[in-house]
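Enquirer: Okay, here's the prediction I keep looking at, along with the sequence it came from:
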Amino acid sequence: MSLPIVSLPQSVPPLPQRPTQDDVPATRAERDEILAQARTFLRQHKLVPPMPMGELRTQAGTFCETYEIDPRYLEFCALILSNELWREDLATIPYNRRLLLLPKCLRVEDKCPAPFDEFGLLCKKCGLCTIQDLQEEAERLGYAVLVAEGSPIVMAIIETGKIEAIVGVSCLSVLRKVYGYMEAAAIPGVALPLLQDDCVDTSVDLEWVWDSVHLTSDDKTRRLDLVGLREEVDGWFTAEGLANLLGAPDSDVERLGHRWLARGGKRWRPFLTVATHQALSVEPGGSIPEDLRHVALAVECFHKASLVHDDIEDGDDQRYAEATLHNSHGVPIALNVGDYLLGEGYRLLAESAASPECRGEMMRIAAQGHRTLSVGQGEELAWQRDRRPLKPVEVVDIFRRKTAPAFETALRLGAVYGNAPDDLHEAIAAYSQALGIAYQIRDDLEDLKDAAAQGAPPEARPTILWALAHQAAKGERKAAVEAAWCGPDEDLSAEAAHELIREAGAESRAQELLDAYKDEAVRTLRRVQNANVKGLLRRTVGKIFNDLEIQGWCNEFEARNAPSVAPRAQAVG
């Protein structure tokens with residue numbers, strides 16, 4: 001399933017003059033669910049755009065009743081329905097006939113060096129905000145781009161007849177007015193809301209924007225229900241599902257292995273294997289070959305084996321809020337189960353129905369990934385024997401070896417099974433590296449929050465947070481960070497240890513690095529020539545880092561842009 005693209009039409013009756021965060025679901029997961037339901041609803045009812053506002057609101061009411069959605073989300077649901085009605089039409093419009101409209105309030109107001117003219121912001125590409133990246137990528141594709149608020153300018157651009165579709169970012173009050181012009185002119189488009197109040201230093205869900213900007217009819221995976229695909233993959237890892245795929249277990253080690261495979265986890269890796277193959281298929285939404293299920297299961301076998309061994313090596317007592325395998329059954333049994341899962345993974349690949357060349361390449365990729373991961377884990381274990389402060393780049397290098405190989409293996413096994421060309425494997429390797437590093441940074445941030453909530457000290461291991469704190473600290477504070485991280489100093493309280501990280505600004509810097517590596521993962525996709533795979537991998541970044549919440553809507557200040565709208569519209573057209 002693709003990321004939500006929220007269209008914001010002028011609904012009936014009018015929305016409040018200043019909507020709040022209560023008007024929309026707070027989390028992207030909730031919005032994803034409504035989006036999936038909207039697509040089902042539209043398939044069943046076969047609605048056709050353009051749809052007058054009154055009819056749109058009536059359909060939204062029926063939609064909310066059908067899926068028992070809280071009535072306060074009625075207007076939001078109308079927006080989703082409108083957006084999805086135009087989605088296929090937008091995909092057919094060439095990039096060079098589209099307009100990307102961005103608001104000036106995305107800039108960092110007190111630091112932005114860009115001047116204004118009567119048409120809007122003249123970006124200086126300073127890198128302080130998201131405007132530069134969005135503008136550069138859109139223009140690279142062929143879009144016309146304006147950085148200016150207001151519905152008058154959109155109306156004038158539409159009237160030129162030279163723009164055939166619009167992707168717009170702004171506050172709700174502006175976007176709902178723009179819809180009226182688009183509906184009247186039957187112009188396809190999507191509109192994306194800002195995520196916070198006050199028209200100053202605002203932000204937008206970049207996943208929405210990137211997905212909208214890159215939408216193309218060449219990418220057939222835009223119709224692929226990624227949420228449904230993940231649910232199907234999850235179903236393979238129940239006791240019944242595993243028995244169907246692997247046969248009923250008839251020994252203690254097999255029973256424990258199956259039980260561990262069925263334990264919690266997000267199943268990203270087997271999902272990525274299947275999704276990559278599906279993207280390379282003639283019909284991306286087709287049925288999943290039975291043999292591909294075995295390949296995906298092998299990927300999860302490798303992953304769960306590494307977790308069993310990691311838990312022993314790290315001395316962890318819990319995994320998925322339950323006792324770790326070695327904690328409940330002892331180290332010898334846990335080691336043996338881990339070894340069994342590794343052997344089972346390689347068996348599944350070796351017995352694949354793929355060609356001998358394909359089987360050999362899958363075995364090679366899995367072995368290389370296994371080896372690289374072990375080297376990364378070895379670096380972390382070596383640090384435990386000889387603790388010393390690490391530079392952030394050294395910690396990132398451990399992530400590059402320890403976390404990224406699992407993503408690369410999962411993606412490349414699906415690509416090999418789907419007969420992908422060599423250049424795609426090169427792009428996947430670069431993508432996986434950035435994705436894996438971002439994933440581990442996100443884990444470090446979540447582990448820190450969990451430790452703080454439990455009143456426990458941050459873990460003494462090679463984390464990006466400790467490395468950043470040590471890099472930023474000075475004098476006695478640097479010595480204190482080193483003692484807490486590498487000692488640790490037994491007299492230091494958990495709160496004091498957390499304070500060292502907060503005081504150094506390590507959390508905010510780690511978040512910046514997380515965003516940077518997410519962006520790097522996206523940039524690597526420029527070399528991907530297959531539109532289906534490119535679209536899938538782009539949406540995967542958004543699905544994995546599904547953590548943005550709506551914080552409110554900004555005010556409308558479009559009057560500034562009223563002068564000279566028509567000349568600017570002609571220039572854009």
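Expert: Done, it's in. Here the structure is a predicted model, which means the values were calculated and not measured. Numbering: from 1, shown residues only.
Enquirer: Not counting stretch 311-329 itself, show me its contacts.
Expert: Stretch 311-329 is contacted by residues 256, 260, 263-265, 307-308, 310, 331, 333-335, 337-338, 377, 381, 461 when judged by Cβ atoms under 8 Å, 6 or more residues apart in numbering. C-beta here means a position set from N, CA and C on the backbone, and glycine is covered the same way.
Enquirer: Distance across it, terminal residue to terminal residue?
Expert: 13 Å (Cα to Cα, to the nearest Å).
Enquirer: So what's the gap between that stretch and the chain middle?
Expert: 29 Å (Cα atoms, centre = their mean, to the nearest Å).
Enquirer: Tell me which residues of that stretch come out buried.
Expert: By neighbour count on 16 or more other Cβ atoms under 10 Å, the buried set for stretch 311-329 is 311-312, 319, 324-327.
Enquirer: Mind checking which of the residues you listed land in helices?
Expert: Mapping these onto helices (DSSP state H) picks out 311-312, 325-327.
Enquirer: Name the nearest of those relative to Phe399.
Expert: Asp311 (18.7 Å; Cβ to Cβ).
Enquirer: ok, back up a step: and the buried ones among the contacts of stretch 311-329, selectable in PyMOL?
Expert: Buried members of these, defined by 16+ other Cβ under 10 Å, are picked up in PyMOL with:
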select buried, resi 256+260+265+307+308+310+334+337+338+377+461
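Enquirer: Could you find the closest non-adjacent residue to Trp466?
Expert: Distances taken as Cβ to Cβ, 6 or more residues apart in numbering place Trp485 nearest to Trp466, at 4.3 Å, with adjacent residues excluded.
Enquirer: Give me the number of neighbouring residues for the one you found.
Expert: Neighbour count of Trp485, defined by other Cβ atoms under 10 Å: 27.
Enquirer: That one - that's part of a helix, no?
Expert: Yes: assessed by DSSP: H, G, I helix; E, B strand; the rest coil, Trp485 belongs to a helix.
Enquirer: what separates it from Val396, distance-wise?
Expert: Distance of Trp485 to Val396, given as Cβ to Cβ, to the nearest Å: 16 Å.
Enquirer: again with Cys486
Expert: 18 Å.
Enquirer: before we move on, what about Gly264?
Expert: Where Val396 is concerned, Gly264 sits at a distance of 27 Å (Cβ to Cβ).
Enquirer: before we move on, what about Glu290?
Expert: 39 Å.
Enquirer: Kindly report the same for Thr40.
Expert: Taking Cβ to Cβ, one finds Thr40 at 42 Å from Val396.
Enquirer: Look at these two and report which has more neighbours.
Expert: Using other Cβ under 10 Å, the more surrounded residue of Thr40 and Val396 is Val396, with 18 against 14.
Enquirer: tell me which element the residue nearest to Thr540 when sequence neighbours are not counted is part of?
Expert: Leaving aside its chain neighbours, Thr540 sits nearest to Leu272 (6.8 Å; criterion: Cβ to Cβ, 6+ apart). Element membership for Leu272, per DSSP states H and E: helix 268-280.
Enquirer: by contact count, what packs against that helix?
Expert: With contacts taken as 3 or more Cβ pairs under 8 Å, 6 or more residues apart in numbering; DSSP states H and E, helix 268-280 sits against helix 226-235, helix 290-314, helix 404-417, helix 531-544.
Enquirer: Helices along the stretch 351-500 of the chain, start to end?
Expert: 356-385, 392-402, 404-417, 422-454, 464-472, 475-486, 494-503 (DSSP state H, counting those that start in this stretch).
Enquirer: Could you export these to TSV, including columns for distance to Phe302?
Expert: TSV is the format used below for these (distance: least, Cβ to Cβ, whole Å):
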stretch	distance to Phe302
helix 356-385	7
helix 392-402	14
helix 404-417	7
helix 422-454	14
helix 464-472	25
helix 475-486	31
helix 494-503	33
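Enquirer: Which among the ones you listed is found nearest to Ala138?
Expert: For Ala138, the closest of these is helix 422-454, at 20.9 Å, according to Cβ to Cβ.
Enquirer: List the buried residues of that closest one.
Expert: Neighbour counts over helix 422-454 (16+ other Cβ under 10 Å) mark 424-425, 427-442, 444-445, 448, 451-452 as buried.
Enquirer: Looking at it now, give me its mean pLDDT.
Expert: Helix 422-454 shows an average pLDDT of 92 in the prediction.
Enquirer: what's the angle between it and helix 531-544?
Expert: Put simply, helix 422-454 runs at 10 degrees to helix 531-544, going by axes from the mean of the first three to the mean of the last three Cα atoms, to 10 degrees.
Enquirer: chain center to helix 422-454: distance?
Expert: With Cα atoms, centre = their mean, you get 11 Å for helix 422-454.
Enquirer: Measure how buried the nearest residue to Glu283 once chain neighbours are set aside is and give me the count.
Expert: When the adjacent residues along the chain are set aside, Glu283 lies closest to Lys220, with 7.8 Å between them (Cβ to Cβ, 6+ apart). For Lys220, the count of nearby residues is 20 (other Cβ under 10 Å).
Enquirer: is it true that Lys220 touches Asn532?
Expert: Yes: in terms of Cβ atoms under 8 Å, Lys220 counts as a neighbour of Asn532; the distance is 5.5 Å.
Enquirer: From Val145, how far off is Glu139?
Expert: 6 Å.
Enquirer: which residues are common contacts for the two?
Expert: Joint contacts of Glu139 and Val145 (Cβ under 8 Å, 6+ apart) do not exist.
Enquirer: Show me which of these two is the more surrounded one.
Expert: Between Glu139 and Val145, Val145 has the larger neighbour count (other Cβ under 10 Å), namely 21 against 13.
Enquirer: Does the helix or strand containing the more buried one pack against any helices or strands, and if so which?
Expert: Assigned by DSSP H and E, Val145 belongs to strand 144-147. On a contact count with 3+ Cβ pairs under 8 Å, 6+ apart, strand 144-147 meets strand 98-102, strand 120-121, helix 131-141, helix 565-572.
Enquirer: Could you spell out the sheet neighbours of it, each with its direction?
Expert: strand 98-102 (parallel) (DSSP bridges).
Enquirer: what about the strand it pairs with, average pLDDT?
Expert: In the prediction, strand 98-102 has an average pLDDT of 88.
Enquirer: How many residues are close by Asp386?
Expert: Around Asp386 there are 7 residues (other Cβ under 10 Å).
Enquirer: how close does it get to Gly378?
Expert: Counting by Cβ to Cβ, the gap from Asp386 to Gly378 is 13 Å.
Enquirer: Kindly report the same for Pro103.
Expert: For Pro103, the distance to Gly378 - Cβ to Cβ - is 49 Å.
Enquirer: Which one of these two is surrounded by more residues?
Expert: Neighbour count, other Cβ under 10 Å: between Pro103 and Gly378, Pro103 has more, with 27 against 14.
Enquirer: if I read this right, the more buried one contacts Val147, doesn't it?
Expert: Yes: Pro103 is within contact range of Val147, at 7.4 Å (criterion: Cβ under 8 Å).
Enquirer: re the thing from before, which one of the helices and strands packed on helix 268-280 lies nearest to Lys46?
Expert: Closest among these, using Cβ to Cβ: helix 226-235, at 20.4 Å.
Enquirer: pLDDT weak spots in the stretch 201-350 of the chain?
Expert: For the stretch 201-350 of the chain, applying pLDDT under 70 flags the ranges 201-203, 222-224, 282, 284-285.
Enquirer: let's go with 90 and repeat that
Expert: 201-231, 263-266, 278-289, 314-322 (pLDDT under 90).
Enquirer: How about the stretch 401-550 of the chain?
Expert: 403, 421-423, 450-460, 475-476, 483-484, 487-497, 512, 515-516, 518-550.
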